[in-house]
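In: Quick one, structure for this:
(3 chains)
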Amino acid sequence: MLKLIWLIPLLPAAGVVFNGIFGRRLPLKAVGTIACLSVLIAFGLSVGAVLELAQLPDGVRQFEIDIATWLPLGEIGGTDLTIPWGFGLDPLSSILLLVVTGVGFLIHVYSVGYMDHERDYARFFIYLNLFMAMMLLLVLGNNLLVLFVGWEGVGLCSYLLIGFYYDQPFDKRTGLTCADAGRKAFIVNRIGDFAFLIGMLYLVVEFGTLKFSELNTALASHGGTPGWMLTGIGLLLFFGACGKSAQIPLYVWLPDAMAGPTPVSALIHAATMVTAGVYMVCRMSALYSATPEAMAIVATVGAATALFAATMGITATDIKKVLAYSTVSQLGFMFAAAGVGAYVAAIFHLMTHAFFKALLFLGAGSVIHGLNGQQDIRKMGGLRTRMPRTFITFFVAMLAITGIPGFAGFFSKDEILAGAWNSGNTVVWAVLGVAALITAFYMTRLVWLVFFGRYRGDDASWSKAHESPALMTVPLMVLGVLSLAGGWVGIPAVMSGWFGAGDINKLHHWLAPAITAPGGHGADAAHGGASVHEAGMETMLILIATVVALLGIGLAWMIYRRDGAAAAWAKRFGPLHNLLRNLYWVDEFYELVILRPFYALSRFFAAFDRRVVDGLVNATGATAEISGQVIKLFQTGLVRNYALMFLFGVFVILYYVIRAV
Amino acid sequence: MGALETVAFVILATLALASAMVVVFHRTPVVSALALAFNLITIAGFYLLLNAQFLALLQVIVYAGAIMVLILFVIMLLSITAEPRLHRSGSIQSVLAPLIALGCAVALGLAVYRGSEGGKYVVSSTDFGTVRSIGTELFTTFFYAFEAISLLLVVAMVGAVLLAKRRL
Amino acid sequence: MGPQWLLVLSAVLFTLGAFGVLWNRGAITILMCVEIMLNATNLAFIAFARQFDSAEGQIYAFFIMTLAAAEAAVGLAIVIALFRLRESTDVDELNLMKW
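Out: I've put the predicted structure just below:
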């Protein structure tokens, strides 16, 4: 099965081709079935491949296969550079693979129900399958260029899917349409991709290869590459990740990406595409572990984004936007983990986040679907009686994300915090802690305002509010179970020690050999020192994390359970509330500082093209015309003038003849 | 001998130039024609100066005699009293023509002057310019040219008659 | 004694005739100026014939004279024909060689 991993991205691609050609003529159910089936088979293949990978002994648990040569580039950077269409599977990509295909399949099923009465049904599933194909290409590629192809491909699909309702207006405040939102996403991504490309080029120059296996060997030997070069490459690649994974300063596209249909938000902007940046950083762990400077910057940006985005979630009033800011914040957690060296923790959180964030988005979609399009949480409330299944699963996800012990998010978040503390980055730990507090706060706020209290919309919509069909609620329930139990593969040694069991941290055992930790050891920061630091410190940290979560929940419950209290608090913090409501005016800042000069420059070039370039061309024509007019003057028709010209000619000839003499 | 020649040359030259000027610049065509006749006779004088008797005679008979008469006949026929002058002052023609003509004159004159420096008249035979010498050359070396030119004369005659007819 | 000055005179007469062709508007005067030019050429020929003591130059002059006669005849016939067309001998009336 391992040898067939190249088939995995091809299956959804086949779905694209099939639905692309026949989609219009087939009944809706057929289109949906084909799309879901292609992903299901891909999932099956993935499971088989991973099982086969697990059979391999511990130290050599990786597989590579080069299908074809793509770019035989010859002599570059001292070595013969040939870039293949190569695929590989190792513990790191195996986790991503299962998450992408598994959660992807669930979301495909959900979409069949959600997009039921949508026009352009076939187009949606074509784009969705295309996205899956590209994402799988990204995950399975064994060199940076194949990864980049997938990287760009998911960016394209993101654009296509965000702008799915292309002419619908999206943001009343800024007047954007959905197509504009798609464009914004693509362009901001491209800015990051530019840095990514340059980083790749430097890698080629420095190491002569883009294959991960070869890069890892080259980096392990540490020969001769100056530190600043490694840092530079690391930062360039990270800037690309900032674009794809919505970190500061390139996060601005993600909230606007909510213009797309909710399954899109769930799949792309929660579970898979945005995590590509985290995956890339962990994949290049050998590089990052060799440059502490780059890692420091990664950690700082991640932590700052985590806090920054969380604050914006406190005042958002669109159910999807709250979740969008939450995603940005959680991605910040993941990058912060990678930055402090806890790569395993970052991937762990990536996995659990995929579960509960997808669940949250799909649940939000269910609410929106049940309320026939309403997305403003100020007009919701008390829906737990009307939509019980949605409510329960949503609540489970909320418990997971806030980090209540036992649920998935608890274990992964705790590992990140432990990693930050153990690596000595207490500032990062503190910032992440505050962010966790705020996370708990806004999630509780969201759950309360949507499902508890009294309904604040009009009576007509209340009577029509209904639970979603099984096609939508079954995936919710599956994800609910995963959000509950998904963290149990990563129970830290400390906690299993409480119950007298040994180290059952299966995830850590699986992943650690695939990652290079700082200092070059196979272990990583979160657990390498499990025996060095006291178990007591770790227990203390776990307790602090739990208290923080409960504190956040409690605060939100206290403020929101009475009707007018929230408004009073908002007034009390007037300017701060305004700042958050307007999202720190970052979009306006970009518009002023970057976009306006750029438009002016474009207008200048357009005018230049019109006047100078076209002017030159027109001038040539004009010259021909004018010279014609001038020569026309010679043709007077008078015989004497012609005789004069004869004599003039004679004179000229005389002159030359005589000069010779 | 030399001095007489020079004097004769100067006088003839002046007369030739003067009459040529009259031809070019005088308003009345009849006066121009008469001036031209005079010019032709001065040229004949030059020929005589150069010992080319036959051609001098020919010049007077053919040119001053036949051609001038023809021109005068046509002037009378068409009753041309005064030729219109170049009246549009400032037009290109009136500016450029003198300039270019002057340029040509200077160029040609200079060239000719320099080119013929040191040339001298060679007088070896007393046969020069006689009818006999010309006739001999004409009917032996230039026989074909002679016949061709008689043909040309016939053609010219026919052409002139045809062109001047009122109705073809 | 040499043909120098004679040739200069010939050159001057020639350009004078050329100028006359350009300057005058009457067709007959133009023809007369053409005759001046031809005569100037004849003068040059005879001068050279004298210089090299050959009859050739004289024969060339003889032929030129013949040609001048033929040309004068035909030219005057054309003037008469044009006079019938335009009622005048002004060459500026012949302005149709434009397009």
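In: hmm, the helix or strand residue C:20 falls within in reach of chain A?
Out: Using DSSP states H and E, the element containing residue C:20 is helix C:4-23. Yes. Using C-beta under 8 Å from any C-beta of the partner chain, helix C:4-23 comes into contact with chain A via C:18, C:21, C:22. The way it works is simple: take the backbone N, C-alpha and C, and place the C-beta from them, glycine included.
In: just curious, which of the residues you listed is nearest to chain B?
Out: residue C:22 (3.9 Å; C-beta to the nearest C-beta).
In: Now do the SS call for the closest residue to that closest one other than its chain neighbours.
Out: Nearest non-adjacent residue to residue C:22, counting by C-beta to C-beta, 6 or more residues apart in numbering or on different chains: residue B:97, 3.9 Å away. Three-state call for residue B:97 (DSSP: H, G, I helix; E, B strand; the rest coil): helix.
In: gap between residue B:97 and residue A:196?
Out: 78 Å (C-beta to C-beta, to the nearest Å).
In: So for the two, which sits in the more crowded spot?
Out: Set residue B:97 next to residue A:196 and count neighbours by other C-beta atoms under 10 Å in any protein chain shown: residue A:196 wins out with 28 against 23.
In: residue contacts, the residue nearest to the spatial centre of chain C?
Out: The centroid of chain C falls nearest to residue C:34 when counting by C-alpha atoms, centre = their mean (2.5 Å). Taking C-beta atoms under 8 Å, 6 or more residues apart in numbering or on different chains, we find residue C:34 in contact with C:17, C:21, C:71, C:75.
In: Closest to residue A:137 out of those residues?
Out: residue C:21 (89.0 Å; C-beta to C-beta).
In: domain assignment for the chain?
Out: Answering for chain A, as no chain was given. Residue ranges for the domains of chain A, per automatic domain parsing: A:1-171+A:251-283, A:291-581, A:601-660.
In: wait, I meant chain B there
Out: B:1-82, B:130-168.
In: Comparing those domains, which comes out most buried?
Out: Mean neighbours per residue, mean count of other C-beta atoms under 10 Å in any protein chain shown, is largest over those for domain B:1-82, with a mean of 18.
In: Does that domain reach chain A?
Out: No. On the criterion C-beta under 8 Å from any C-beta, domain B:1-82 is out of touch with chain A, staying 14.0 Å away.
In: That domain and chain C, are they touching?
Out: Yes. Judged by C-beta under 8 Å from any C-beta, domain B:1-82 comes into contact with chain C through B:2, B:5-6, B:9, B:13, B:16-17, B:20-21, B:23-24, B:29, B:32-33, B:36, B:39-40, B:43, B:46-47, B:50-52, B:54-55, B:58-59, B:62-63, B:66-67, B:70-71, B:74-75, B:77-78, B:80.
In: ok, the residue nearest to the spatial centre of chain B - contacts?
Out: Nearest to the geometric centre of chain B sits residue B:40, at 5.8 Å (C-alpha atoms, centre = their mean). For residue B:40, the contact set (C-beta under 8 Å, 6+ apart) comprises B:59, B:60, B:63, B:64, B:68, C:35, C:39.
In: mind redoing it with 6 Å?
Out: B:63, B:64 (C-beta atoms under 6 Å, 6 or more residues apart in numbering or on different chains).
In: Distance of residue A:93 relative to residue A:143?
Out: 13 Å.
In: before we move on, what about residue A:288?
Out: 18 Å.
In: More neighbours: which of those two?
Out: For residue A:288 versus residue A:143, the count of surrounding residues by other C-beta under 10 Å is larger for residue A:288: 27 against 24.
In: my guess is that one contacts residue A:234, does it?
Out: Yes. Applying C-beta atoms under 6 Å, one finds residue A:288 in contact with residue A:234, separated by 5.4 Å.
In: Contact partners for the residue in the stretch 201-350 of chain A that chain C sits nearest to?
Out: Nearest residue of the stretch 201-350 of chain A to chain C: residue A:201, at 65.3 Å (C-beta to the nearest C-beta). Under the criterion of C-beta under 6 Å, 6+ apart, residue A:201 has no neighbours.
In: do you know how far it is from chain B?
Out: 68 Å (C-beta to the nearest C-beta, to the nearest Å).
In: Kindly state the pLDDT recorded for that residue?
Out: pLDDT for residue A:201: 90.
In: Can you tell me the element it falls in?
Out: helix A:178-207.
In: Please identify the helix or strand for the nearest residue to residue C:78 once chain neighbours are set aside.
Out: Closest residue in space to residue C:78, ignoring its immediate chain neighbours: residue B:163 at 5.7 Å, by C-beta to C-beta, 6+ apart. Take DSSP H and E as the rule and residue B:163 turns out to sit in helix B:143-164.
In: Please apply the same query to residue A:73.
Out: Using DSSP H and E, residue A:73 falls within strand A:63-76.
In: Mind listing what's buried along that strand?
Out: A:63, A:64, A:65, A:66, A:70 (16 or more other C-beta atoms under 10 Å in any protein chain shown).
In: Throw these into a markdown table and include pLDDT, thanks.
Out: Below are the buried residues of strand A:63-76 laid out as a markdown table (pLDDT from 0 to 100):
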| residue | pLDDT |
| --- | --- |
| A:63 | 83 |
| A:64 | 83 |
| A:65 | 83 |
| A:66 | 84 |
| A:70 | 85 |
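In: And the residue of chain B at minimum distance from chain A, what's its pLDDT?
Out: Closest approach between chain B and chain A, counting by C-beta to the nearest C-beta: residue B:111, at 4.5 Å. Residue B:111 carries a pLDDT value of 83.
In: swap in residue A:525?
Out: 45.
In: ok, the residue nearest to residue C:22 to residue A:116 distance?
Out: Here residue B:97 is placed at a distance of 96 Å from residue A:116 (C-beta to C-beta).
In: cool, and residue A:366?
Out: Plainly put, residue A:366 is 13 Å away from residue A:116 if you go by C-beta to C-beta.
In: And those two? Which one has more around it.
Out: Set residue A:366 next to residue A:116 and count neighbours by other C-beta under 10 Å: residue A:366 wins out with 27 against 15.
In: Contact partners for that one?
Out: A:390, A:468, A:472.
In: try 8 Å this time
Out: By C-beta under 8 Å, 6+ apart, the neighbours of residue A:366 are A:387, A:390, A:467, A:468, A:472, A:473, A:476.
In: correct me, but the fifth one touches residue A:113?
Out: In other words, residue A:472. Yes. Contact criterion C-beta atoms under 8 Å: residue A:472 and residue A:113 qualify, at 4.2 Å.
In: And the helices in chain B?
Out: B:2-25, B:29-49, B:53-58, B:68-78, B:92-115, B:131-140, B:143-164 (DSSP state H).
In: Convert the shortest one to CSV, retaining C-alpha atoms only.
Out: Coordinates of each C-alpha in helix B:53-58 appear next as CSV, following Å, rounded to 0.1, in the frame of the first residue of the first chain:
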residue,chain,number,x,y,z
GLN,B,53,35.5,78.1,-90.8
PHE,B,54,33.1,75.4,-92.0
LEU,B,55,31.3,75.3,-88.7
ALA,B,56,31.2,79.0,-88.4
LEU,B,57,29.4,79.1,-91.7
LEU,B,58,27.2,76.3,-90.7
